[in-house]
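Here is my input; please provide its structure:
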Amino acid sequence: MRKLLFVLITAFLFAGTMTAQLPIQKGNRFVNANLSDCNITFGNFTTISIGAYGGTFLEDRIALTGGLDLYSIDGYNHFNLAAGVRCYFAEKETGSFFATGLLDIRKSKYSDAVIGLRFNGGHAFFLNQSVALEPMATLWLPFSKGYDITLSLGAGFSIYF
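This is a model prediction of the structure:
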């Protein structure tokens, strides 16, 4: 009987900690570091990318975001700046799906700036009230001819405050 009572109390206390509200409410902020190194390019490029992003929640589950990526394509270093909106949906106790739309400007020393749209989708798995692991897929659609549409897989690590 004692073991059953101990298990029930422990489960109740654990459930109470898991039902805490996620930090994706108006006024909160987040910073994100991400790595993307598994790209499928409809052309012949190989990409490795690291990035840093931040955002602020304008409304519950809607954040204005922006950031910088550094990446290498076939040995040449590039960077891009991006700004957009991230929306969270299908919220559960331990996480939430998200989708991000970004206007993206890419530039390197050896090429002109390229503007495109980038769409990210993934899931924020909250490890606690302020830290999340975020696996995601990214689709980049360039506006300029001569550049490839790119689909990549990656993961990010975010801190919410």
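
For R61, which residues are in contact?
24-25, 87-89, 91, 96 (CB atoms under 8 Å, 6 or more residues apart in numbering). Placement of C-beta: from N, CA and C, glycine included.

Dump these into CSV; add neighbour count, secondary structure and distance to V131 as well.
Listed next are those as CSV, based on neighbours: other CB atoms under 10 Å; DSSP: H, G, I helix; E, B strand; the rest coil; distance: CB to CB, whole Å:
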residue, neighbour count, secondary structure, distance to V131
I24, 23, coil, 13
Q25, 12, coil, 16
C87, 15, strand, 20
Y88, 20, strand, 16
F89, 9, strand, 20
E91, 15, strand, 17
S96, 21, strand, 14
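
Which stretches in the chain count as strands?
Along the chain, the segments classed as strands by DSSP state E run 29-41, 47-59, 62-73, 76-92, 95-108, 111-126, 131-142, 150-160.

Can you add mean pLDDT and give these back as TSV?
Putting these into TSV (pLDDT from 0 to 100) gives the following:
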stretch	mean pLDDT
strand 29-41	79
strand 47-59	91
strand 62-73	91
strand 76-92	92
strand 95-108	94
strand 111-126	94
strand 131-142	95
strand 150-160	92
